[in-house]
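Visitor: Need a 3D model of the following:
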Amino acid sequence: MTKVVFYKKDGVFYGFHEIGHAGYGEFGTDVICSALSAMTMLIINTAETVWGIDVTYEIEDETADITVTIKEALPEYAASKEKQYAASGLIEGYYYQLMDMLEDYSDYLDVDAEEKEI
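Guide: Now for the predicted structure:
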């Protein structure tokens, strides 16, 4: 099972931690792991390349342990309101996408959100 915990500060999404292989399919063919990986890289690449926002991330392939933090998603770190809303909205959108996936894949995916200081 893959566990994804989203981090918020004062209700604003700024990061997440994913750990574990979903176990839906064989390694390399697991569509849930593939979807999570693709969405995670979309977030990282969009923030860094398109919006020029610094993203802190660690990816441990063997354990499927991934942590992504975008400080600029929080008002106190944002260079502009536009970038702050874009970054936090991107992460919040990922949260809601995974909540939708839970309807069909709750045996392979667990999603939570917690308030956490950065």
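Visitor: Point out where the chain drops to low pLDDT.
Guide: Scanning the chain for pLDDT under 70 picks out nothing.
Visitor: how about the helices in it?
Guide: 31-45, 81-105 (DSSP state H).
Visitor: Tell me what angle the first one forms with helix 81-105.
Guide: What it means is helix 31-45. Interaxial angle, helix 31-45 versus helix 81-105 (axes from the mean of the first three to the mean of the last three Cα atoms, to 10 degrees): 180 degrees.
Visitor: which parts of helix 31-45 are buried?
Guide: 32-33, 35-37, 39-40, 43-44 (16 or more other Cβ atoms under 10 Å). The C-beta positions use only the backbone N, C-alpha and C, and glycine is treated the same way.
Visitor: residue with max distance from the center of the chain?
Guide: The outermost residue of the chain, judged against the average C-alpha position, is Glu26 (22.9 Å), by Cα atoms, centre = their mean.
Visitor: Tally up the residues packed near Val12, please.
Guide: Using other Cβ atoms under 10 Å, the number of residues around Val12 comes to 19.
Visitor: wait, Tyr108
Guide: 20.
Visitor: my read: it touches Gly20, true?
Guide: No - under the criterion of Cβ atoms under 8 Å, Tyr108 makes no contact with Gly20, lying 9.5 Å away.
Visitor: Between the two, which contacts overlap?
Guide: 1-2 (Cβ atoms under 8 Å, 6 or more residues apart in numbering).
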